[in-house]
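Asker: Sequence plus predicted model, see below.
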Amino acid sequence: MLSIMHYVQILQIVSLVVFSACAPIATHYALVEQRLATHDGMGADAAIEKGEGGYGRNNRLLYLLDRGMTLSLSGQFEKSNQLLDQAAITADALYTNSITRSGASLLINDNVLPYSGEDFERVMIHLISALNYAQQGQISDALVECRRVDTKLNSINDDYKEKKNAYKEDAFARYLSAILYEAQGDGEGINNAFIAYRKSFEIYSDWATAYGTPIPRMIGADLLRTTDALGMREEHEAYTKQFPKTTWTKISNQKGQGELIIVSFNGRSPQKENLFFDISLDRNIINSIVSTAIWQNHAGSGNIPFSTIGQLVRIALPTYIPQKSNVGQVSVGVAGTAVSFSSQSVLMEDITAIAQRNLEDRINRVRIKAITRATIKAIAVRNTSKKAEKEVGGMGGLLLGKLAEAAAATTEVADLRSWRTLPDEIHLTRMVIPEGHYQVTSQFLGRHGENIDALLPQQVSVKAGEKRFIVMRTIH
Amino acid sequence: MRKQIGFGRNAVCGILFLCGLALTSGCASTSVARLDTEQAVDLSTRWNDTDSRQTAAEMVKEALGRPWVDNFQKKHGKEPTVIVGTVLNKSHDHIPTETFTKDLERELTNSGRVTFVASKSEREEVREERLEQQTNASEETAKRLSQETGADYMLKGVINSFEEEATNSAVLSRTGKEQYKYFEVTLELIDMEKNTKVWFGDKKIKKLMTRKKFGF
């Protein structure tokens, strides 16, 4: 016989499950964002490091991702790459097979599983890492990370056989690799650059419809410049027709000049929230879940789901709530001793759109799992109530039944974890400038041209033939 | 007598089951098997020191076993002089190509069959020349290069990688994925004077990575 004390203990365990499984608390990110708002990368990184314990053992990946990001923003590129590398290994190890991974998640919720990252987040690891290498001038290492973007996407898309996943390729990663190949300077580099620009152009054409990301305006000039340098007359003529008003400079006329490439991370990535649905279990639903591998692997033996027909169950599904950046454009000014230039940024990647679409593409799996879980819980509740009625009877039995019901309901929450330090959008500015020393000023302008944020002027030296990468961050 | 509110032990099972399972999360174990070599213990499918050393040793041995060495000796009455150019990393891994180049240099030097010249500054110079050679590969540039470095041959190459996934659907749900990774190192030896290739070598390293999981 168990006393009331045990009842309390059970409640404690239930609440422990509900609360400990949650990702780092909101105040943690509020502090990080506060630091980022004042462009204090070091401060943001210190905040993440200090909050390491709060992530919990299931969220090691989130810590590595967040820390990898803030280390990068504070200019600690090598250390950032170490953590991002660990993150990639951790995510890969967890990814094995997300549907049938663990039975625990079928009884409580997905938060009891170690966070293995959204598909697009696993790709972003390599993109951030590529930019870390690029900022240090390590071109071939940056290219390795760009290639990893490609293999990661390939392996992810192998798992989307039943439904076509919109996120098949990353146009920005391709574009970035094109710049990096071009930075190699030799014939082979320019050849590879052309291949990558062309591929990027193709993907951006798809992205225009899939994510509403316009084709970056400089891509015409890129294609014209590289086909010209390679002596590809036919292709060059075709691109001249395709981009009739585009002005571009021959590579041979860029001697003595370098290039400034400014990547800007704007705003905050979307946040996940719960979407609750009350569904009535009917024969069709039960039939459909019984036929899935997930049911057969974890719940098949000894459970008769048909006893739950007619029951109303609650399921929770995650949904992304966008936190759109207010920044429409980054205005970059470059001032040397005798010359000055200015340019406006171009949207290269809408992370919010990719995240939303990526979740949509896999939500069917999440839904099947949620319904399976709800059914298993309903069976557990029913069995518990029956036993309680039989063995305890009266008030005690009723209480226990209600408790089981409450445990099933309160534990039904969606997995709301995500890489919170990612931006909403990635912008790019390219400026070919003569070799020299410059002061770079950048202003983040709103969607209607209003001033939103600005960075303190930065001193930058550019050598002839060099591609100099700078990454900027605004939280707004 | 005061009646204690209590529950049957069995009755609580359902809830304890719900809660207890929360504390056990899915464990995944990773095992890496390296094919071909028995002694090397690999922690991942990534390129490592052993790969670098072994590939350099095997490929240099292969290269030196070819007729070009003897041919040169017969013709000139001395050992050929070799320099190591760049090895381009086109793979999906961060490969310290400097280390691999050093491994090649060491194997060449220790072989005793060729004379090896290359100071670091010379290598840098050669690299620049090589880039130029690639853009306008003429006999003229090659000749000029051989005069500057005093080398008869240059060894250069590329490292590529590709991945393959074995998808045996029958066991997939239980064993996870089987992933193979290949590294392909291609090296070529160029006659600096004639700007022709005297040897072309290719070595593949295959690695197998299996992920198993403990399911319920």
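Answerer: Good, I have the coordinates.
Asker: in the stretch 251-400 of chain A, which segments are predicted with low confidence?
Answerer: Scanning the stretch 251-400 of chain A for pLDDT under 70 picks out A:293-294, A:296-305.
Asker: where exactly do the helices run in it?
Answerer: Using DSSP state H, counting those that start in this stretch, the helices of the stretch 251-400 of chain A run over A:283-290, A:293-298, A:351-391, A:394-410.
Asker: Need the ones you listed in a markdown table (columns: mean neighbour count).
Answerer: Where you see a C-beta, it was placed from the backbone N, CA and C, and this is true even at glycine. Formatted as a markdown table, the helices of the stretch 251-400 of chain A follow (neighbours: other Cβ atoms under 10 Å in any protein chain shown):
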| stretch | mean neighbour count |
| --- | --- |
| helix A:283-290 | 15 |
| helix A:293-298 | 18 |
| helix A:351-391 | 20 |
| helix A:394-410 | 18 |
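Asker: so where's the stretch 101-250 of chain A shaky on pLDDT?
Answerer: A:101-107, A:161-164.
Asker: hang on, A:Gln271 packs against A:Arg420?
Answerer: Yes - using Cβ atoms under 8 Å, A:Gln271 is in contact with A:Arg420, at 7.3 Å.
Asker: which of the two has more neighbours?
Answerer: Neighbour count, other Cβ atoms under 10 Å in any protein chain shown: between A:Gln271 and A:Arg420, A:Arg420 has more, with 22 against 17.
Asker: contacting residues for A:Leu61?
Answerer: A:Ala87, A:Thr90, A:Ala91, A:Leu94, A:Pro114, A:Tyr115, A:Ser116, A:Gly117 (Cβ atoms under 8 Å, 6 or more residues apart in numbering or on different chains).
Asker: element containing it?
Answerer: Using DSSP states H and E, A:Leu61 falls within helix A:60-73.
Asker: Now the element after that helix, going C-ward?
Answerer: Heading C-terminal from helix A:60-73 (DSSP H and E), you reach helix A:77-95.
Asker: which stretches of chain B form strands?
Answerer: In chain B, the strands defined using DSSP state E lie at B:27-34, B:81-89, B:115-116, B:153-166, B:178-191, B:196-214.
Asker: again with chain A
Answerer: Under DSSP E, chain A gives strands at A:257-266, A:271-280, A:312-321, A:327-335, A:340-344, A:346-350, A:425-434, A:436-446, A:451-462, A:467-474.
Asker: Turn the ones you listed into TSV, including distance to A:Trp207.
Answerer: Below are the strands of chain A laid out as TSV (distance: least, Cβ to Cβ, whole Å):
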stretch	distance to A:Trp207
strand A:257-266	17
strand A:271-280	23
strand A:312-321	18
strand A:327-335	18
strand A:340-344	20
strand A:346-350	8
strand A:425-434	12
strand A:436-446	23
strand A:451-462	25
strand A:467-474	21
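Asker: Arrange these in CSV, one row each, with distance to chain B as further columns.
Answerer: Below are the strands of chain A laid out as CSV (distance: least, Cβ to the nearest Cβ, whole Å):
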stretch, distance to chain B
strand A:257-266, 18
strand A:271-280, 18
strand A:312-321, 15
strand A:327-335, 29
strand A:340-344, 29
strand A:346-350, 21
strand A:425-434, 21
strand A:436-446, 23
strand A:451-462, 21
strand A:467-474, 16
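Asker: Of all those, which one comes closest to A:Tyr167?
Answerer: strand A:346-350 (11.0 Å; Cβ to Cβ).
Asker: who touches the closest one?
Answerer: So strand A:346-350 is in contact with A:170-172, A:175, A:211-214, A:216-218, A:263, A:424-429, going by Cβ under 8 Å, 6+ apart.
Asker: how about a cut-off of 7 Å?
Answerer: A:Phe172, A:Tyr175, A:Tyr211, A:Thr213, A:Pro214, A:Pro216, A:Arg217, A:Met218, A:Glu425, A:Ile426, A:His427, A:Leu428 (Cβ atoms under 7 Å, 6 or more residues apart in numbering or on different chains).
Asker: Hmm, A:Glu169 is touching A:Ile203, no?
Answerer: Yes - in this structure, A:Glu169 is within contact of A:Ile203 by Cβ atoms under 7 Å, at 4.7 Å.
Asker: if we can go back for a sec, between the helices of the stretch 251-400 of chain A, which one is nearest to chain B?
Answerer: helix A:351-391 (3.3 Å; Cβ to the nearest Cβ).
Asker: and the closest one, does that touch chain B?
Answerer: Yes - using Cβ under 7 Å from any Cβ of the partner chain, helix A:351-391 reaches chain B at A:Ala380, A:Asn383, A:Thr384, A:Lys387, A:Ala388, A:Glu391.
Asker: Spatially, and excluding backbone neighbours, which residue is closest to A:Gly335.
Answerer: Slight slip there: residue A:335 is Ala, not Gly. In space, and not counting its chain neighbours, A:Ala335 is closest to A:Gln439: 4.8 Å by Cβ to Cβ, 6 or more residues apart in numbering or on different chains.
Asker: Show me the beta-bridge partners of the one you found.
Answerer: When bridges are called by DSSP bridges, A:Gln439 pairs up with A:Ala335, A:Gln459.
Asker: Give me the number of neighbouring residues for it.
Answerer: Quick note: A:Gln439 (other Cβ under 10 Å) scores 14 neighbours.
Asker: Was I right to think it contacts A:Leu456?
Answerer: No - using Cβ under 7 Å, A:Gln439 is not in contact with A:Leu456, being 10.3 Å away.
Asker: And the pLDDT at residue 6?
Answerer: If you meant another chain, say so; for now it's chain A. We have a pLDDT of 48 for A:His6.
Asker: actually chain B
Answerer: According to the model, B:Gly6 scores 42 on pLDDT.
Asker: same question, A:Asp424
Answerer: Reported pLDDT for A:Asp424: 98.
Asker: Next: the one 4 residues further on.
Answerer: If you check A:Leu428, the pLDDT there is 98.
Asker: That one reaches A:Ser345, doesn't it?
Answerer: Yes - counting by Cβ under 7 Å, A:Ser345 is a contact partner of A:Leu428 at 6.2 Å.
Asker: Those two: who's more crowded?
Answerer: A:Ser345 (26 against 20).
Asker: hang on, the more buried one packs against A:Ile426?
Answerer: No - in this structure, A:Ser345 is not within contact of A:Ile426 by Cβ under 7 Å, at 9.6 Å.
Asker: Tally up the residues packed near B:Asp202, please.
Answerer: 12.
Asker: if I pick it, what's in contact with it?
Answerer: So B:Asp202 contacts B:Glu184, B:Thr186 (Cβ under 7 Å, 6+ apart).
Asker: Dig out what it forms beta bridges with.
Answerer: B:Thr186.
Asker: So for stretch B:81-97, what gets flagged as buried?
Answerer: B:81-95, B:97 (16 or more other Cβ atoms under 10 Å in any protein chain shown).
Asker: quick revisit: any of the contacts of strand A:346-350 buried? List them.
Answerer: By 16+ other Cβ under 10 Å, the contacts of strand A:346-350 give A:Phe172, A:Tyr175, A:Tyr211, A:Thr213, A:Pro216, A:Met218, A:Glu425, A:Ile426, A:His427, A:Leu428 as buried.
Asker: Let me have the residues you listed in a markdown table, extended by distance to A:Val413.
Answerer: A markdown table is the format used below for the buried ones among the contacts of strand A:346-350 (distance: Cβ to Cβ, whole Å):
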| residue | distance to A:Val413 |
| --- | --- |
| A:Phe172 | 33 |
| A:Tyr175 | 39 |
| A:Tyr211 | 29 |
| A:Thr213 | 32 |
| A:Pro216 | 40 |
| A:Met218 | 45 |
| A:Glu425 | 29 |
| A:Ile426 | 31 |
| A:His427 | 35 |
| A:Leu428 | 38 |
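Asker: got the contact list for stretch B:69-76?
Answerer: B:Glu79, B:Pro80, B:Arg113, B:Val114, B:Asp152.
Asker: what stretches of chain B score poorly on pLDDT?
Answerer: Looking at chain B by pLDDT under 70, you get B:1-43, B:118-149, B:165-178, B:209-216.
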